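*Asks:* Provide a 3D model corresponding to the input given below.
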Amino acid sequence: MVENILITGGCGFIGRNLIAALRESGYAIRVLDNLSVGTLQDLQKVAPVEQPDPVNCSIPSQSRVQLIVGDITDPDLTRRACANINAVVHLAANTGVGPSVENPLFDCQQNVIGTANVLEAARMNGTSRFIFASSGAPAGEVEPPIHEEIVPKPVSPYGASKLAGEAYCSAYFRTFGIDTVALRFGNVYGPGSGHKSSLVAKFFNRALDGLPLEIYGDGTQTRDFIYIGDLVNAVQKALQVPGVGGEVFQIATSSETTVNEIAEKILTVIESRGIALPELRFSEPRLGDVMRNYSDTSKAKSVLAWEAKCEMIQGLENTLDAILQSRH
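*Replies:* Got it, this is the predicted structure:
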């Protein structure tokens, strides 16, 4: 039987890469997106698109991706978007520490109320599996590596809202029997991320525009950078592996990389493509940022039979080449 998948936020960077992979595996896909980040044109780059009647959604076809334009904070719309859906991949969110510090209540509305809406829509429609895109941010300022047994103490509003999403997933699994799986993504990069404000995409775009690369703090803070292809593979595993309802998994590389180190790698890749090297500038640390953040992914390896495989230099080269191609 062909599975029908709803992807919230499917027009974004992760969503488009996931759609390309799922279509190759034979899934039929519906997208719910408010087009605040990704666009219809972005989605059309990976699949032909149809926009069904949002009041009475037909079953998705394998030849096209259905796009419903709307917001996850609309409970009626999310309920209709989940009609005839076997599994949900919930990517839509207010992403990042910075935006959550600037507007904590908006972050809460999107990431807590929005997630609860989509979970309730899944329950009302009898959807069996729900994949939630979480983050390492719920753990807060802890001694890494971050693992699933650490007691969460979020530092930022973003971390708090993602922790709330994980909690609702746990509740909907234990009370209503939906197989919810929370995946705590590392810092994702790769082809298709050109519009993102995350570090790798931002650094490449600023270098191509002849602008300095701005590093918050002294650059010794660490992150776990994961290539988009590896992350998409993890989502596919979470959709397929039985008996993982109610679980949380760290999805990253188990490698600790300082911002200075990845900046140096980015400069190496830039230079290899004959692009003028940008200046590095250091500014004040950002509120809500943690100093060290990388993951222990042993649970994902043992339970999902998944691990990251892409080497960072190769991933960075693929990312820059895709950005260069998109500018031509």
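
*Asks:* which parts of the longest helix belonging to the chain are buried?
*Replies:* Scanning the chain for the longest helix, with DSSP state H as the assignment, gives helix 157-176. By neighbour count with 16 or more other C-beta atoms under 10 Å, helix 157-176 contains the buried residues 157-166, 168-170, 172-173. In short, each C-beta sits where N, CA and C put it, glycine included.

*Asks:* From G192, how far off is the nearest residue to E317 once chain neighbours are set aside?
*Replies:* Setting aside the residues directly before and after it, E317 is nearest to V269 in space (C-beta to C-beta, 6 or more residues apart in numbering), at 5.5 Å. According to C-beta to C-beta, to the nearest Å, V269 stands 17 Å off from G192.

*Asks:* do the same with C82
*Replies:* 26 Å.

*Asks:* These two - which one has more neighbours?
*Replies:* C82 (27 against 24; other C-beta atoms under 10 Å).

*Asks:* Any chance of the backbone angles for the more buried one?
*Replies:* Here is the backbone geometry of C82 (degrees, to the nearest 10): phi -90, psi 0.

*Asks:* before we move on, the earlier item: export only the CA atoms of the longest helix of the chain, formatted as CSV.
*Replies:* C-alpha atoms of helix 157-176 as CSV (Å, rounded to 0.1, in the frame of the first residue of the first chain):
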residue,chain,number,x,y,z
PRO,A,157,12.5,30.3,24.3
TYR,A,158,13.2,28.2,21.2
GLY,A,159,14.5,25.4,23.3
ALA,A,160,11.5,25.7,25.6
SER,A,161,9.0,25.6,22.7
LYS,A,162,10.7,22.5,21.2
LEU,A,163,10.7,20.8,24.6
ALA,A,164,7.0,21.5,24.8
GLY,A,165,6.6,19.9,21.4
GLU,A,166,8.4,16.8,22.5
ALA,A,167,6.2,16.6,25.6
TYR,A,168,3.0,16.8,23.6
CYS,A,169,4.4,14.0,21.3
SER,A,170,5.0,11.9,24.4
ALA,A,171,1.5,12.6,25.7
TYR,A,172,-0.2,11.8,22.3
PHE,A,173,1.7,8.5,22.1
ARG,A,174,0.9,7.4,25.7
THR,A,175,-2.7,8.6,25.8
PHE,A,176,-3.9,8.3,22.2
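
*Asks:* who does that helix touch, helix- and strand-wise?
*Replies:* Contacts defined by 3 or more C-beta pairs under 8 Å, 6 or more residues apart in numbering; DSSP states H and E place helix 157-176 against helix 97-102, helix 104-108, helix 114-124, strand 129-135, strand 179-185.

*Asks:* Can you add mean pLDDT, distance to S255 and mean neighbour count and give these back as a markdown table?
*Replies:* Formatted as a markdown table, the helices and strands packed on helix 157-176 follow (pLDDT from 0 to 100; distance: least, C-beta to C-beta, whole Å; neighbours: other C-beta atoms under 10 Å):
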| stretch | mean pLDDT | distance to S255 | mean neighbour count |
| --- | --- | --- | --- |
| helix 97-102 | 92 | 21 | 18 |
| helix 104-108 | 98 | 28 | 16 |
| helix 114-124 | 98 | 29 | 22 |
| strand 129-135 | 98 | 17 | 26 |
| strand 179-185 | 98 | 15 | 25 |
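
*Asks:* ok, back up a step: so the residue nearest to E317 belongs to a helix, correct?
*Replies:* Yes - under DSSP: H, G, I helix; E, B strand; the rest coil, V269 falls within a helix.

*Asks:* I'd say it and I313 touch.
*Replies:* Yes - using C-beta atoms under 8 Å, V269 is in contact with I313, at 6.9 Å.

*Asks:* what about those two, which has more around it?
*Replies:* V269 (21 against 12).

*Asks:* Would you mind measuring from that one to I14?
*Replies:* For V269, the distance to I14 - C-beta to C-beta - is 22 Å.

*Asks:* Ok, I72 next?
*Replies:* Distance from I72 to I14, by C-beta to C-beta: 15 Å.

*Asks:* again with V155
*Replies:* Going from V155 to I14 by C-beta to C-beta gives 23 Å.

*Asks:* what pLDDT, on average, does stretch 307-324 get?
*Replies:* Averaging pLDDT along stretch 307-324 yields 97.

*Asks:* ugh, wrong one, stretch 227-235
*Replies:* 98.

*Asks:* what's the spacing between that stretch and its chain's center?
*Replies:* Averaging C-alpha positions (C-alpha atoms, centre = their mean, to the nearest Å) puts stretch 227-235 10 Å from its chain's average.

*Asks:* do the same with stretch 169-184
*Replies:* For stretch 169-184, the distance from its own C-alpha centre to the chain's C-alpha centre is 18 Å (C-alpha atoms, centre = their mean).
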